[in-house]
Structure formats: C-alpha cells, structure tokens
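Colleague: My questions concern the predicted model and sequence given below.
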There are 2 protein chains.
Amino acid sequence: MTKITRFDTFDVRFPTSRTLAGSDAMNAAPDYSAAYLVIRTDASDPALAGHGFAFTIGRGNDVQLAAIRLLEPFLAGQDLDEILADLGGLGRRLVSDSPLHWLGPSCGVMHMATGAVLNACWDLAARRAGKPLWLLLAEMSPQEITGLIDFRYLTDALTPDEALALLQRGAASRAARIAELGPGPGWLGYSDKRLAALCAEAIEDGFTQVKIKVGAALEDDKRRCAIAREVAGDDIAIAIDAKQVWDVPTAIAWIRELAPFRPAWVEEPTAPADILGTAAIRRGVRPVLVATGEHVANPVMFKQLLQAGAIDIMQIDACRVAGVNENLANLLLAAKFGVPVCPHAGGVGLCEIVQHLSMFDFVALSGTTAGRRIEWIDHLHEHFTAPARVVRGRYLAPTAPGASTEMHPESLAEYCYPSGPAWRDGAMP
Amino acid sequence: MTKITRFDTFDVRFPTSRTLAGSDAMNAAPDYSAAYLVIRTDASDPALAGHGFAFTIGRGNDVQLAAIRLLEPFLAGQDLDEILADLGGLGRRLVSDSPLHWLGPSCGVMHMATGAVLNACWDLAARRAGKPLWLLLAEMSPQEITGLIDFRYLTDALTPDEALALLQRGAASRAARIAELGPGPGWLGYSDKRLAALCAEAIEDGFTQVKIKVGAALEDDKRRCAIAREVAGDDIAIAIDAKQVWDVPTAIAWIRELAPFRPAWVEEPTAPADILGTAAIRRGVRPVLVATGEHVANPVMFKQLLQAGAIDIMQIDACRVAGVNENLANLLLAAKFGVPVCPHAGGVGLCEIVQHLSMFDFVALSGTTAGRRIEWIDHLHEHFTAPARVVRGRYLAPTAPGASTEMHPESLAEYCYPSGPAWRDGAMP
C-alpha cells in the first residue's frame, strides 16, 4: 500500500517586475510567483509525487502557501489508491469543510489553495497512470467525469443527466480526436503582447491572434490598436484586454471607441464578479465579443455569466478555481450553453497545466477547436520539466505523464523567496 | 506627531465546538474565532490603539491572521493624522493593491484581512475623536461619507451624486435621531435560537423576532417550525436560516413547505454568490421574504442582488467585506433600492461592531428602524471591554469611544491558540 506522506511547499517568485513583464493597466509591477506544492508519497519511485501550485503576482505568495499547508492534514497519511479513486469526493470534502468554506466561500486564497492541492492530486493520478493529464481525462467514462463534479449549486442550469448526455455525445468519436492531437498540428494558441510593435513578431511566429492590453488612456489605446491593426492586416485577430479597469458605462463607451479596429474580443471589461454589469456591457458593445473568467472564482459564477448571456467566450484559469474538478464543471457549463472556452494562461505554469483541459474539451466534449484558443506568453517555461511547446502558433499535445506542473529543483532553489540567489543578489538572473 | 508603529496580532479561538454552540446545517462544529489585530501607535496614551478582527470558525484562523499581517507595511511608520484624515484613500490603496487584489479579487481571506485593518483604523479614529463609531460616522458630512467609498464598480447602480443626495436627505433631522438613540429604547435586535424550545426564553427576554436554523431534514424542520410557531404565537416573527444548503429548485420546494408557518424571512437559501439563483428563489417563494448577505463579499455583489431583485432584506456583516468603508457603500445601495438592512451578527464580536453601522444607517441615511433588526446571540460578549448591551430585545446605543472591538487582555491570553490555557487543558473554561 502506498501512502501519501506530506506536503513539501515552496515560495517561488520570479522578479519579473524588474523588466515589467506582465504589467498592464491594473498590475503595475507583478512578480510572477507560484505557491508551489509537492505531494509526497512513500512509493519506492520518488517520481510518484504530485506537483501543483497557485499562481500569484508576488506579495502574499507566502499567505497563499500557508493556505495550501492548511490542507495537508486532509491528505497526509491517507492511502494513495483510495484518494485517487475518488478525487470527486476529495474535492467535495475540501470545498465544503465548514471552517475553510467560511474563509471563502469558494473564492480567494482558500479556494486557490484547494485548486493547487487538487491539481497536484491530478498530476499524481496522471503520473501513476503513465499518461498526460488530458489523455487520462479524455479516456474516462462519462460517468466517471460527472462523478468528479459537485453539482450542488449548478442544477438549475446543468443537471448531472444533462452533463452525462453532453459527454456521451462526445464519447463516440473520442479515439479519432485523440489520434488527431497526437502527432498533429496541435491546438491553437494566441499570443499575449504588451506592445503593438511586437505583433509583427507574433505573426511571424505563426500566431493568428494577438492580444494587447488597453484601459489606461483612450487616445493611447486608439493609437496602439491602429498600429496593431496595421501590422496585423485583416487576417489576424486582435483581442484587447482591459484587466477590470472600467465601470459599466465607461466600458461601453471605451469599447465602442475601439470597435473600428475590429477587436476579436474584449477581455475582463469590468469587475469579474459583476455578472449583470458584464451582461450590460456585452449588450452595449455588439458586435464586439466579450470574454471573461481568469478571475472568476468558481462554477456558480460561470453558471450565472452564462445564464445572464454575459459572455461570448469563457476564459477558464487552471489555478483560480478548485482545480481540475471545478474546471470540468466549467467546461460542461460552456458546452451546455454553446459558448467556446479559451483559457487564460501566461502566468508561470498556467500554459503548462491549462492546455490539458482544452485538449480534454476537444476530445471528449466540444469535439472542435473552432473558435477556441489558449493564451500563450513565451516566458518562464524553461523552469518546467515538461514545458508547454508551441510551434507555428499551435500548442503541441503533451506526451509526458502528469499535468506538466513539475518545476526543476534548480528553479525552486534559485527563485525561492526571499532566500534564493535570484532574490539575495537583487539582480536579474 | 503620532506615528503608527506596528500590528500586534492574536490567534484567538473559543472552543465552542465542545458545546456545539453555533452549529447548523452547514457548520457542524465551529470554534468561534477572531484573527485579532491591534494597531499600535507611539502616542503617550497607550489606549490610542485600534482594535479589529476577522471572524472565522476555527481552522484557518492562522492563515487569516497571516493575511492581516501582510498589510502591516501599508501602515507601520505612517503619520496617524494623515492616515485617519483619508481612510477612503487607505481603503482604495488596500483593495486595489495589485498583488493583493490577485489573491481575491475582493473576496475571501485577503478581503476579510482588509476589513479587519480598516475596522481597526475606524476604531482608532473613533477613540481619538472620543466618540462611539456610530456617532463619529453620523456626524460626518455627506461629502465626507461619499469620499470614503470606492464607486469604481457601482456607478451603473449608484453614482456619487445619488449617494450624496441620499445622505443629504437624511442630514436635516440627524440631531433628533442622535438624541433619540442616546437614552432611548435602542435598536431592535432579534435572537438567534438553535432550538425551537428556546424561543419561549427569547420572547420572555423581550425579543419580537427569533430565528431558527433549517435545511437538514424537511420533516424535522416542519416539526420544529410548528413548535416555534406554537410557542411564539402570532405576534412574534420567526426567521428561518438555511445556511446555503440548497440548490435553487430544492430551496423553492422546501421553503414552500415551510411557508404555512409564516416565516418572517428565509436567510441564505443558496450559495451567497448566486445572484440569479437567489432572485429565482425569491420569485418562487413569495410571499416569504428572502434575506442574504453574511457571506456576500463586497458591494459589487450586493449591487447585483439589488439590481436583480433577489433580496427583500440585506444582511451586511461587519467583518466579511473591506470594513466600514464598503459597508457604507452597502448601506447606500440598500437606501437607493429601498431595501432594509438587518445585519448578520452572533459570531464573536460581530454584534459589538455591526451595531454601529445600523445606528449610523438610522441616524444619517434611512431615518427609520421600521423593518430593521440586528441579529443577537448572547454569548462571548464578556470578552469585550465595551460589550454590546441588549435590554428587552433592543440594542442600547454604545457610548464608549471606539468601535466596541477591543477584547480584554485576559481573554486574548486565555483563548490564544494553541498555547492558551483554554486550549492547553482541553477543558471548557
């Protein structure tokens, strides 16, 4: 019998604020960080461990890590087989533990901690199965998938039977799509570029959609959108990302001013929890499409965004919600409402893990990549043992067992905060 | 010049799970706890300190405390006068700090930490002014009040001008209402009783409304509601509290079954973030009224509950949102939509602090106590230096300077977790 022994945790921070990588209208100087977790076992193979993390942008990564450690007693000493045989049950126990629920509920630090732990368990499950996570999920039966989901607050929009029917619809042709992803051209990415001048480079690299950040100053945005559109021509899609800076009337007015540059969609036009506000914005800016989700805390919020007709594109994040389990619910909700899912990524490790969810969606649920893309920023991938690979604008399907969440031990040591060399010297590595 | 010097923090937990005080359908065995903060200054008077806390139910109180300590650098070393002169600015800096915002956004552990810090600042401000918090707030000008509020995501429902008009409407007759609260009969409370048999005691104590918890088993609820109604007669209101246990269809069906017992309102029928679900429940259970809010994280969520017509009663909590500042926004939103505010309380210290907000609402904003009540549970008050006082079912207006948030040093020592005597011995004190 293999037992889960302990959590090893690491406060990993990359000093990205020194180059302003990742800065935008809302986040002036982020240090991309991971509250990083390894779930250890007593297996003879030391590689049988689970890797997961919460993504933060610096300050507070230690508190995020403390929240993850709070969950160690739920797993330490448990039989690995029993835990992995019922990850749905584990998810429900963690999310509904009443003192921890009080600290959310189902949002913020505690919920992201739950996500890190569940994702680490999924990494462990996929490693043990010798499969990449997307394939492990794609080969599960529809009943196994619905058993992973907590339907408690979703039934008015999606019942277990409806979820089952959606999965069964996709089940017949799964094998063909698995084969397609294997050696194939991969899954569409889109490139997150801070400056319009970098669009040319993205297009040169084979991307067919780029994203630029807006929302600080209207005239500046118009100028930058014009440059981007000129560089991109008519065949390249340009998404714009407002990072929650607007109230509802400002969002509508501002987006209308940028509409002539034909944005593919606008991301996070207002507070991510403002369902009714986002719906009003969507109505007010047609034909510009509205996308949101990277800060949406749980499936109850996504359910309402769909019920209210607030979004054209659902942007799940692998680490914001309570892990794979809740993202399966999010994918099913999107399928029910016919809304494409284009995951948020870019933060350290987010591209690595979230690609598995998109590929599961393609194989087992939506059956198509039409209108679907995964965000891509080409930085910090070198710290992962199985980095996401994008070739000619397309994500290649991961082949290594696991969830692609494992970081190199050298990276954990180098960027350990505040004692690691990257921080001690105060210099860029 | 007086400087803020440091945060002193205390992990205070009361072993209430040993008697199951506070247990309900969602929370089986809570240990009522405070992540407790004292903001120290270098003033010659050591009493010039600010006391605040986040309320939790045990596990994770340490993480909650770590989140509070994360905010110390925003205040330590600052000039006290400058901070207190612009608590609106401080609130905006804390809520919009981008790495901390990432950890919410505006919900959960990080947001409650912001609430504890802002409430402690308000306690300090009221102490320095020599006034109870409610009076300090009630005597501020309408412009000063609106300056405390972050309207960023509220303008589609409430503009600064509208807020100003609401406050100006109440300003004329403030003095009379301040006088009324002084020696008067006080503000209506309502008693939270776990067992119907205790209703008689509550009525004997002068309460005109009691609350019982429901949601575990329908037949049991019917039996208990029948007993409560029989004991209470027709003149006493009975609220029922479901503590988020139902999905939308279950809530509607269950509440309809309990409707014959004429509940005054139903609290938290489903997930507190399910705005559209709560609205559907309200439509489905008329004439039973719907109340929610103790787990509603911020004014953006309250705004939507009001816009969607989801609630008849707004239940603010003093420690869930980002402190006094956000609760002022909540009170103004309620006034705009004509919905009465009946605060959640009962958790350790919640009655103490939230009464100030209700009394401000009465004096400066709503101008009435009709349909308004503050929850009351008679336990743990003895740990506070200025405990809330309820006489014949009515809260007496606090007279001591401050926000009534200060705990006795002896209580902090006794219930310090895990080293305090109350925990070392494993015995009830």
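Modeller: Arrived safely, thanks for sending.

Colleague: Kindly report the residues of the stretch 301-429 of chain A close to chain B.
Modeller: Within reach of chain B by Cβ under 8 Å from any Cβ of the partner chain, the stretch 301-429 of chain A has these residues: A:301, A:303, A:304, A:307, A:308. Every C-beta, even on glycine, is put in place using the N, C-alpha and C of the backbone.

Colleague: Name the SS class of the second one, please.
Modeller: Recorded secondary structure, residue A:303: helix (DSSP: H, G, I helix; E, B strand; the rest coil).

Colleague: got the contact list for the closest residue to it other than its chain neighbours?
Modeller: The spatially closest residue to residue A:303, leaving aside those adjacent along the chain, is residue A:157, at 4.7 Å (Cβ to Cβ, 6 or more residues apart in numbering or on different chains). In this structure, residue A:157 makes contact with A:303, A:306, A:307, A:333, A:336, A:337, judged by Cβ atoms under 8 Å, 6 or more residues apart in numbering or on different chains.

Colleague: top of these by neighbour count?
Modeller: Neighbour counts for the contacts of residue A:157 were taken using other Cβ atoms under 10 Å in any protein chain shown; the highest belongs to residue A:303, which has 26 neighbours.

Colleague: if I pick it, what's in contact with it?
Modeller: Taking Cβ under 8 Å, 6+ apart as the definition of contact, the neighbours of residue A:303 are A:153, A:154, A:156, A:157, A:158, A:333, B:274.

Colleague: Could you tell me what pLDDT the model assigned to the closest residue to the third one other than its chain neighbours?
Modeller: With Cβ to Cβ, 6+ apart as the measure, residue B:248 is the residue that lies nearest to residue A:156, at 3.9 Å, once sequence neighbours are left out. What the model reports for residue B:248 is a pLDDT of 97.

Colleague: just residue A:195 next, same as before
Modeller: Residue A:195 carries a pLDDT score of 62 in this model.

Colleague: same question, the one 4 residues further on
Modeller: Residue A:199 carries a pLDDT value of 80.

Colleague: and it, helix, strand or coil?
Modeller: Going by three-state DSSP, the secondary structure assigned to residue A:199 is helix.

Colleague: What is the burial count for it?
Modeller: With other Cβ under 10 Å as criterion, residue A:199 counts 24.

Colleague: cool, residue A:280 as well?
Modeller: For residue A:280, the number of neighbouring residues by other Cβ under 10 Å comes to 20.

Colleague: Which residue, neighbours along the chain excluded, lies closest to it?
Modeller: Excluding its sequence neighbours, the residue lying closest to residue A:280 (Cβ to Cβ, 6+ apart) is residue A:248, at 5.4 Å.

Colleague: quick one: buried residues of stretch A:413-424?
Modeller: Residues of stretch A:413-424 classed as buried under the neighbour-count rule (16 or more other Cβ atoms under 10 Å in any protein chain shown) are A:414, A:415, A:416, A:417, A:420, A:422, A:423.

Colleague: Thought residue A:10 was touching the third one, still the case?
Modeller: This means residue A:416. Yes: look at residue A:416 against residue A:10 with Cβ atoms under 8 Å: they come within range, at 6.2 Å.

Colleague: returning to what we had before: what residues does the residue nearest to residue A:280 make contact with?
Modeller: Applying Cβ under 8 Å, 6+ apart, one finds that residue A:248 lies in contact with A:270, A:274, A:277, A:280, A:281, B:153, B:155, B:156.

Colleague: would you list the residues you listed in CSV and tack on pLDDT?
Modeller: Written out in CSV, the entries for those read as follows (pLDDT from 0 to 100):
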residue, pLDDT
A:270, 97
A:274, 98
A:277, 98
A:280, 98
A:281, 98
B:153, 95
B:155, 96
B:156, 96
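
Colleague: follow-up on the earlier one: closest to residue B:389 out of the residues of the stretch 301-429 of chain A next to chain B?
Modeller: Taking Cβ to Cβ as the measure, residue B:389 lies nearest residue A:301 of those, at 40.3 Å.

Colleague: Roughly how far does that closest one sit from residue B:136?
Modeller: From residue A:301 over to residue B:136 the distance is 36 Å, taken as Cβ to Cβ, to the nearest Å.

Colleague: Residue A:386 now?
Modeller: Spatial separation of residue A:386 from residue B:136 under the definition Cβ to Cβ is 58 Å.

Colleague: and these two? which has more neighbours close in?
Modeller: Between residue A:386 and residue B:136, counting by other Cβ under 10 Å, residue B:136 is the more crowded of the two (22 against 17).

Colleague: Now do the SS call for whichever residue of the stretch 251-400 of chain A sits closest to chain B.
Modeller: Ranking the residues of the stretch 251-400 of chain A by distance to chain B (Cβ to the nearest Cβ) places residue A:271 first, at 4.4 Å. Three-state secondary structure (criterion: three-state DSSP) places residue A:271 in coil.

Colleague: Residue B:107 is in contact with that one, correct?
Modeller: No: proximity of residue A:271 to residue B:107 does not meet the contact threshold set by Cβ under 8 Å, at 10.7 Å.

Colleague: those strands in the stretch 201-350 of chain A, which residues are they?
Modeller: Ranges of strands within the stretch 201-350 of chain A are A:209-213, A:237-241, A:265-267, A:289-292, A:313-314, based on DSSP state E, counting those that start in this stretch.

Colleague: What are the contacting residues of the second one?
Modeller: Just to be clear, that refers to strand A:237-241. Applying Cβ under 8 Å, 6+ apart, the contact partners of strand A:237-241 are A:24, A:190, A:192, A:199, A:208-215, A:221, A:225, A:228-229, A:232, A:258, A:261-268, A:291.

Colleague: What pairs with that strand, parallel or antiparallel?
Modeller: Paired with strand A:237-241 in the same sheet, following DSSP bridges, are strand A:209-213 (parallel), strand A:265-267 (parallel).

Colleague: next helix or strand past the longest helix anywhere in chain A?
Modeller: Determined from DSSP state H, the single longest helix within chain A is helix A:108-129. Tracing the chain C-terminally past helix A:108-129 and defining elements by DSSP states H and E, one meets helix A:133-138 next.

Colleague: That next one packs against which elements?
Modeller: Packing partners of helix A:133-138 (3 or more Cβ pairs under 8 Å, 6 or more residues apart in numbering or on different chains; DSSP states H and E): helix A:108-129, helix A:174-181, helix A:323-337, helix A:350-360.

Colleague: Could you rerun that using 7 Å?
Modeller: Using 3 or more Cβ pairs under 7 Å, 6 or more residues apart in numbering or on different chains; DSSP states H and E as the contact criterion, the elements in contact with helix A:133-138 are helix A:108-129, helix A:174-181, helix A:350-360.

Colleague: Columns mean pLDDT on top of these, output as a markdown table?
Modeller: Supplementary listing: the helices and strands packed on helix A:133-138 in a markdown table, determined by pLDDT from 0 to 100:
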| stretch | mean pLDDT |
| --- | --- |
| helix A:108-129 | 98 |
| helix A:174-181 | 91 |
| helix A:350-360 | 97 |
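
Colleague: would JSON lines of these with distance to residue A:312 and mean neighbour count be doable?
Modeller: Formatted as JSON lines, the entries for these read as follows, by distance: least, Cβ to Cβ, whole Å; neighbours: other Cβ atoms under 10 Å in any protein chain shown:
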{"stretch": "helix A:108-129", "distance to residue A:312": "25", "mean neighbour count": "27"}
{"stretch": "helix A:174-181", "distance to residue A:312": "24", "mean neighbour count": "16"}
{"stretch": "helix A:350-360", "distance to residue A:312": "17", "mean neighbour count": "27"}
